[in-house]
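Peer 1: Predicted model and sequence follow; I will ask about them next.
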Amino acid sequence: MNQRELSAATRFVCRLALDAGAVLKDGFSKPRRVTLKGRIDPVTQYDLKAERLIADRIAHHYPDHEILTEEGSAVGSKSEYCWIIDPLDGTVNFAHGFPVYCVSIALQYRGETITGAVYDPERKELFWSSRGSKSYLNRRVVSVSREKHLERALLATGFAYDIGTARRNNLGLFARMARKAQGIRRPGSAALDLCWLACGRIDGFWELKLHPWDTAVATLIVTNAGGKISRIDGRPYSVFDKDLLASNGRIHVAMRKVLAGH
């Protein structure tokens, strides 16, 4: 994909995120039919409606590309290009009428995210970036914070759906970090957490048991905004890894030491 084609794909994904977000925004004020995939893992008819819109439009414009979605409604043939989609990140929030949720759409080439967008319908905020570019909130370039001290940092994290049964559940890491940071928030949408890191609203983020659709484009947005991404132990991160540590870069080592128990 040359630069002209990449620019066209970026415009396409931004428009697609806005349109899928409009589906969610319309459904947010209406009765929702909620079913459970697990004990606390819900899905609504609007997850599925937004996913169908995204998958159908990608299949029309890029019929040879593979598609990976959270709800699994479309897969496609094996290709060097793969779209990674979360039609509704923050479904628990959405199902309860709590206004923190988003659409996340990424395009990868040979396993590397090359463009994508995250759209927050409630605040009308479109975060987007592409390979070799800056990161944007709507039309404004964004960058990570300059906070250097963990004790003055505002962080975010999340908990997996198996928190009630799994031994590795992030509760211990949360307690450890709460003693060191100025504050920790748990908004309930990893993609939005990372975008808020990219624009300086928070200074760091970590989570366990993530999925590619949670992070595929948001990690690109963080990196292109000047942030740092790794696994919790400091090793290089891939969107197919389960644990993630993200920061403005200035508090990365301090966060890693706390999470490691040092």
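Peer 2: Thanks, I have it.
Peer 1: what about the longest helix in this structure?
Peer 2: helix 3-28 (DSSP state H).
Peer 1: State the mean pLDDT of that helix.
Peer 2: Helix 3-28 shows an average pLDDT of 96 in the prediction.
Peer 1: what helices or strands is that helix leaning on?
Peer 2: Counting contacts by 3 or more CB pairs under 8 Å, 6 or more residues apart in numbering; DSSP states H and E, helix 3-28 is packed against helix 45-61, strand 81-89, strand 102-109, strand 112-120, strand 125-130. Every C-beta, even on glycine, is put in place using the N, C-alpha and C of the backbone.
Peer 1: How far off centre is it?
Peer 2: Mean-position distance between helix 3-28 and its chain equals 15 Å (CA atoms, centre = their mean, to the nearest Å).
Peer 1: low-scoring stretches of the stretch 51-200 of the chain, by residue?
Peer 2: 71-77, 161-166 (pLDDT under 70).
Peer 1: switch the cut-off to 80
Peer 2: The model of the stretch 51-200 of the chain has pLDDT under 80 over residues 70-78, 160-169.
Peer 1: For the longest helix of the chain, buried residues please.
Peer 2: Neighbour counts using 16 or more other CB atoms under 10 Å place 6, 9-10, 12-14, 16-17, 20-21, 23-25, 27-28 of helix 3-28 among the buried residues.
Peer 1: picking that back up, redo the helices and strands packed on helix 3-28 as TSV? Include distance to residue 205 and mean neighbour count.
Peer 2: Below are the helices and strands packed on helix 3-28 laid out as TSV (distance: least, CB to CB, whole Å; neighbours: other CB atoms under 10 Å):
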stretch	distance to residue 205	mean neighbour count
helix 45-61	23	19
strand 81-89	14	26
strand 102-109	15	27
strand 112-120	14	25
strand 125-130	14	24
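Peer 1: Same list (the ones you listed) but as JSON lines, adding distance to residue 212.
Peer 2: Formatted as JSON lines, the helices and strands packed on helix 3-28 follow (distance: least, CB to CB, whole Å):
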{"stretch": "helix 45-61", "distance to residue 212": "15"}
{"stretch": "strand 81-89", "distance to residue 212": "5"}
{"stretch": "strand 102-109", "distance to residue 212": "8"}
{"stretch": "strand 112-120", "distance to residue 212": "10"}
{"stretch": "strand 125-130", "distance to residue 212": "17"}
